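Engineer: structure for the following, please:
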Amino acid sequence: MAEEVSLRPQRQQRPFVQSDADVFRRCTTKFLSLVPGEGEEFKIELNILLDELNSLDYQTPKFVDEKLALGLVCKACELVPLNYELLVTKVCHLLRHLVGFSGQQVLLQGRSLDTCVEYVMRAVTVCRPWTLPDILRTLAQLLYQRGPAVSMYIDQLIGPEGLLMQFVQPEYPDLDIKRVAIASVYNLCLRNPEGQTISDEYLRKAYTILMAVLQTPKPQQVDDILFAKLILSTLQGMRNLLSVMTDVDPGSLGSLLAVCRVYMLYGLPGQTLQVPATLYPTPVSQYDPSPKRSTTKDRDSDKEESPAQSTPRGRKVKKKRQRKQQTEPDTARSDVRPPHNPPSRSPAGRGPPVSTPPRSPIKAHDRHRRERGDSTGGYSSSEGSDYRTSWRGLASSSESEYSDNEAGHLTRLRSILSRVREVALNCLHNTAQMTDKRLMFGYWSHLLPECSSVGAPQAPTLFTSILKDPAPKARGNALLVLSSLVDGSKQYLAAAEETAPKQTAFTPYSVTLGSTVKEIHRCLLLALAAESNFHTLFYLLKCFATLIPNVPYHRLQPGLLTKVVRQIRPLLSHKEYDVQVATLTCFHSILSVQAPLKEVEQVMQAVSSTPHSQAKVPPMLSATPIKHRTDPEHKTVPQKADNHTEIVQESIKNMNVDSSTETAGQDSTVEQGASSKEKGKTQIRQESESGGVSSKVWLLDWCLRMVSLRHAQVTGSNLPIIPVRTEAIQVMTQMAKGYFMFIRPHLTELSQVFCGILQEQNTALQLQGGKFVEEVGAVLVKEVECSALTDREAADFWLPLLNGPLPSALQNLDHTLLRSCGCQCLANTGAQVFQLLPTDKHILCITLLLGLTNDEEWSVRGAAIHALGVYVLYPCLKEDISFLADVAQACTLGLEEKNLSCRWKAAWSLGNLSNTIVSNREELGTEFTDNFSDVLLQSLFNLALKGAADHDKVKSNAVRTLGNLVRFLRPEAFDKINFRQYVEQTAQVLTKCVKTGMAKVRWNACYAVGNMFNNPALPLGVAPWAPALFTALQEAIKDCKNFKVRINATLALTVPTNREYFGSKEQFCELWGCLADALVGTERVEDFSEFKYRDTLREQLCCSLVHLTGLTGKEDLPGLHFHLQDKGELLHTYLTRYRESLEQKGTTETLKKVDELVRAQDHIQQLAGQELADKEATICQNLSTIFADDLTPELHDLTPE
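Structural biologist: Residues are numbered from 1 along each chain as shown. The predicted model follows:
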């Protein structure tokens, strides 16, 4: 100590103050010059240098020299012996200053890292316990993100006899040392900057260590803060470990979830710290006897066993707390609810009106429950009272029963416990994200309530945290976990349903699932009503937006979505724009789920009772007391499914009641609710009788005001931010997609509004506006085709857009996505609407699209080529050969693109072009074909053959084009050698594509073969490539697993109309037998997904079999005897069903097939009337029997003697 005192005057006498960099350089240079020694002077000198180095401010920007620092730490490990324990701790401090989370961040690697790690590891084994916290903290810092670099020491650290294992044992007493050792373990597992980790074996070992610590019960007489710090550090390690693990072993998933479920509630009132060994998945529901009415004796025994529900003490605590709230100054209420809550008075009625809501969401919940006499299903007011006593009461000043030290200790404990709960929920969130949805769904019953048990205690769930945790971050993390659970659960929730309760010994799983879904909605609505923190409110709305698309509302009783809309609608006027955006996201989900839903239609058409009612927030739960509500969870008989309108209108009535009316009193609310209900029924009845929506639905009106800035211009308020306007446009886009009846009366106004949007300066707004126009255009095409909308109305929507805004967007060189979206807009005009547009608009659209095929961006070029592929099908353009040539040139450029998406769009447009020329040939005949250039036709063949050698996505459209081109060929073209070569190449390509490739390629190839056969000039019977093509069709019909491929292959055989097209008699008989075998083989369905196509396949096989039988010649009969053996009765059965099915349908097409069946029967009778050998006559008789209406004669045995 004397040495240190003597140094201080010397430092003060320096003529100038050295910088930290100079001091570090000087001390390091001196340190590096030291020679190892044993004397006291050497020890003092080391001590002075280490003190001076540790006294520097390392949190400032980097000032140390990297090379000097590395030499310093290595020299320190060399010079300071382990028996100088004080100096060892100072070396550890220096190491943490240089390589830890300071401003220096010295890169320690290679030999320098090995030296430091070995030194610290030796220090752990040699030094006394009082040094261990510093040494282990330094070890943890050295291992941070350096696991792969120290892989040679991992076994020495966490192996069976590892250095750290002694400190993480359950019986180790010092929790501080255990906590630092845990930090070393999980720091070892973190990814390094290159993304590498230690081996999976050691990751699993670390996981086991952390799980053992988390499952260890709290020792007696251990300080709560120390234990909480240990758990917090371990959970942080588990969170980091889960972030680097690929998955969790299903066998240990239950244990991990058990740990997370306990610690996510650690410190909340009524929650015990008992970690179960594991949780087990519950794939099926268990019988819950809770609906059974309990007897008086049972209720009395319950009261005796539950001291927390003791009524006298509960009333005293409540009264005391209420009197205390009356005396609290308003300035102490910092954690308040937003100012949209209704005012309330003190319970005793003696004080002035309390204008500020309670300080806590939980207090607000309990206050409202007490006023209504309700307990929200397991989240009872008694628990809320304990919660307030244990948390809020501790922070009071003069009235507190604790001393300042005790209050500080409890405040610190409360802070640490809230962090424990937050990190536990983080671990649960990571687990839910990395675990298979199917596996995680089995544990829902442990994390979510299965049913509502009003007034009865429930097992703790995520909603315990969401509704009762005082920490906003913890509530937000719980909502993230819930969002992760419900995200992607649509296929598992699809079975949920809701039925009227019956006293049965077994509850179907679907009903239990429906009850869970309903309880999730109820608890989220409770949380939404009580939440005051806008960050948590944002997560809550996002959770709703994730939940809604996954719920089968059409299987549940109506009213859930109405309640959601009722509570989130006022948030459209929230002061935080993020909340407004999240609210709009919820509405987007509501409009997209199983659209269109009758409930959504009615709730969106609800008219507010006041002009600005959307700016007022309704009360916590309902406009009427819960005892008057008819929801199933409130012990009354639920509504039946046929009362849909009354249920929805009751919810709409609650949504439209003015806030001032709602808070005036329960009795008046009930009376006014009845009159409002009648008004709501009358209004909706009038709207339904008028045949549509008389005015804008309120959501469309709000979105239009935001998008068009009309609201800001009228009220003089601030302009809404861009994210609000873009989200509002997305909501309108979804509304146009699923609920077009809402926007149809306002198409003209929408056209004008989006003309302005497309001319905005913000590109995000322009893009969303373009997507809206694109979606509306697609819907208008469908509406015009089904005559639900006149083509003139649709044209009136497009004309203002084409007069400037849309062409300007297409020429915006700074926004690639906008140009691409503009091309899609032009593609969605529709043939009938396009024909009504003026000629100058036709020229404008075509000129813009042809110009954009040469755009710099491939996405724009692809979109333009795709739009041209749509235009080529329009009747007003398809006869223009010059336009067709321009489209062919655009496709030529597109197929040369490097980008696959662009080539695919070009091939699709080329296929449409080939459809158009075939259509023109059939409609216009030689007038069109004579003017169609052979050069252009050869160019199309070359393009299609090139595409057929490309990727499967391109190939599927290229083979379609080849079939159309061969069908288009004129008879004289087959005399030209180049076209004969094209036909042969086409046949070879189609043969290969029918046999192998992606299913879509194969069925398009079969379809193309049918198009080829449609050309009567095709030399099918004598062509050398024909046998291979027929063989490929046979293989597809018999062996392909995809039934759509088999259907198209079978369909191709019905195209040739003459017997000579099928070639030799052997080939014809093979084709006939192939159809018979395939028809019998339809009884075997290997892939269940193909089952829905089986009836169509059977019908097509019967049709083709009838077609070939009608073409059978006398010379073909001997070859059929083998295929008729043992199949006659089955074939007769299928053909009888086929005839009955055709007669039942009675359409023009089916009647033609019946006529063909009759002609086949007549043809067989004609064959039987000819001179036939005995064997031929027997075969002919069997064919006649197979095709007969009734199986009267017996089938003759065809087995050769």
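Engineer: which residues sit in contact with Ala794?
Structural biologist: Taking Cβ atoms under 8 Å, 6 or more residues apart in numbering, we find Ala794 in contact with Leu780, Val781, Glu783, Val784, Gly830, Gln832, Val833. Every residue, glycine included, has its C-beta placed from N, CA and C.
Engineer: those into JSON lines, with extra columns for secondary structure and neighbour count?
Structural biologist: Formatted as JSON lines, these follow (DSSP: H, G, I helix; E, B strand; the rest coil; neighbours: other Cβ atoms under 10 Å):
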{"residue": "Leu780", "secondary structure": "helix", "neighbour count": "27"}
{"residue": "Val781", "secondary structure": "helix", "neighbour count": "19"}
{"residue": "Glu783", "secondary structure": "helix", "neighbour count": "19"}
{"residue": "Val784", "secondary structure": "helix", "neighbour count": "20"}
{"residue": "Gly830", "secondary structure": "coil", "neighbour count": "23"}
{"residue": "Gln832", "secondary structure": "helix", "neighbour count": "19"}
{"residue": "Val833", "secondary structure": "helix", "neighbour count": "23"}
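Engineer: of those, just say which sits nearest to Thr282.
Structural biologist: Within those, proximity to Thr282 (Cβ to Cβ) peaks at Glu783, which comes in at 47.6 Å.
Engineer: what does the closest residue in space to the closest one that isn't next to it in sequence show for phi and psi?
Structural biologist: With sequence-adjacent residues excluded and distances taken as Cβ to Cβ, 6 or more residues apart in numbering, Glu783 is closest to Leu789, at 3.8 Å. Main-chain dihedrals, Leu789, degrees, to the nearest 10: phi -140, psi 140.
Engineer: model confidence for Leu789, exactly?
Structural biologist: Predicted confidence (pLDDT) for Leu789: 89.
Engineer: how many residues are close by Phe834?
Structural biologist: By other Cβ atoms under 10 Å, the residues close to Phe834 number 22.
Engineer: separation between it and Leu789?
Structural biologist: 15 Å (Cβ to Cβ, to the nearest Å).
Engineer: go on, Phe1122?
Structural biologist: Distance of Phe1122 to Leu789, given as Cβ to Cβ: 59 Å.
Engineer: could you do Met735 as well?
Structural biologist: 16 Å.
Engineer: of those two, who's got more company?
Structural biologist: Neighbour tally, Met735 and Leu789, criterion other Cβ under 10 Å: the higher count belongs to Met735, 27 against 20.
Engineer: right, and the more buried one touches Arg744 too?
Structural biologist: No - counting by Cβ atoms under 8 Å, Met735 sits too far from Arg744 to count as a contact (10.8 Å).
Engineer: assign a three-state SS to Lys1092, would you?
Structural biologist: The assignment at Lys1092 comes out as helix when based on DSSP: H, G, I helix; E, B strand; the rest coil.
Engineer: thinking again about what came up before, mind putting the contacts of Ala794 into TSV with distance to Asn192 and pLDDT?
Structural biologist: What follows is those, written out as TSV (distance: Cβ to Cβ, whole Å; pLDDT from 0 to 100):
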residue	distance to Asn192	pLDDT
Leu780	56	94
Val781	55	93
Glu783	59	92
Val784	61	92
Gly830	57	92
Gln832	63	92
Val833	60	93
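Engineer: is it possible to get CSV of these that adds distance to Pro1056?
Structural biologist: Output for those, formatted as CSV (distance: Cβ to Cβ, whole Å):
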residue, distance to Pro1056
Leu780, 42
Val781, 37
Glu783, 41
Val784, 38
Gly830, 37
Gln832, 36
Val833, 40
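Engineer: quick one: buried residues of stretch 512-527?
Structural biologist: With burial defined by 16 or more other Cβ atoms under 10 Å, the residues of stretch 512-527 counted as buried are 512-527.
Engineer: any weak-confidence spans in the stretch 501-650 of the chain?
Structural biologist: Scanning the stretch 501-650 of the chain for pLDDT under 70 picks out 501-505, 607-650.
Engineer: repeat that for 90
Structural biologist: 501-515, 532, 554-558, 575, 593-597, 602-650 (pLDDT under 90).
Engineer: tally of neighbours for Leu265?
Structural biologist: With other Cβ under 10 Å as criterion, Leu265 counts 26.
Engineer: can you tell me the SS state at it?
Structural biologist: Looking at Leu265 with three-state DSSP, the answer is coil.
Engineer: quick one: contacts for it?
Structural biologist: With contact set as Cβ under 8 Å, 6+ apart, Leu265 has these partners: Gln271, Arg421, Pro460, Thr464, Ser465.
Engineer: mind checking how far the residue nearest to Glu783 is from Leu417?
Structural biologist: Distance check for Leu789 against Leu417: by Cβ to Cβ, it reads 61 Å.
Engineer: how about Pro470?
Structural biologist: 10 Å.
Engineer: same check on Ser592?
Structural biologist: Ser592 is 40 Å from Leu417, by Cβ to Cβ.
Engineer: okay, those two: which has more neighbours?
Structural biologist: Neighbour totals were compared for Ser592 and Leu417, and Leu417 leads with 22 against 16 (other Cβ under 10 Å).
Engineer: what packs against the host helix or strand of the more buried one?
Structural biologist: Element membership of Leu417 [criterion: DSSP states H and E] is helix 404-434. Packing contacts for helix 404-434, counted by 3 or more Cβ pairs under 8 Å, 6 or more residues apart in numbering; DSSP states H and E, involve helix 224-244, helix 250-263, helix 472-486.
Engineer: what about these, which gets the closest to Asp1126?
Structural biologist: Nearest to Asp1126, of all the helices and strands packed on helix 404-434, is helix 250-263, at 49.9 Å by Cβ to Cβ.
Engineer: neighbouring contacts of the closest one?
Structural biologist: By Cβ under 8 Å, 6+ apart, the residues outside helix 250-263 that reach it are 207, 211, 214-215, 231, 235, 238, 248, 271, 273-281, 420-421, 424-425, 427-428, 431, 435, 439, 443, 446-447, 460.
Engineer: buried among these? Make that a PyMOL selection.
Structural biologist: The following PyMOL command selects only the buried members of those, with burial defined by 16+ other Cβ under 10 Å:
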select buried, resi 207+211+214+215+231+235+238+248+271+275+279+281+420+421+424+425+427+428+431+435+443+446+447+460
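Engineer: sorry, back to before: helix 224-244 and the helix holding Leu417, what's the angle between them?
Structural biologist: Counting by axes from the mean of the first three to the mean of the last three Cα atoms, to 10 degrees, helix 404-434 lies at 20 degrees to helix 224-244.
Engineer: my guess is Ala471 contacts Ser418. True?
Structural biologist: Yes - in this structure, Ala471 is within contact of Ser418 by Cβ under 8 Å, at 4.0 Å.
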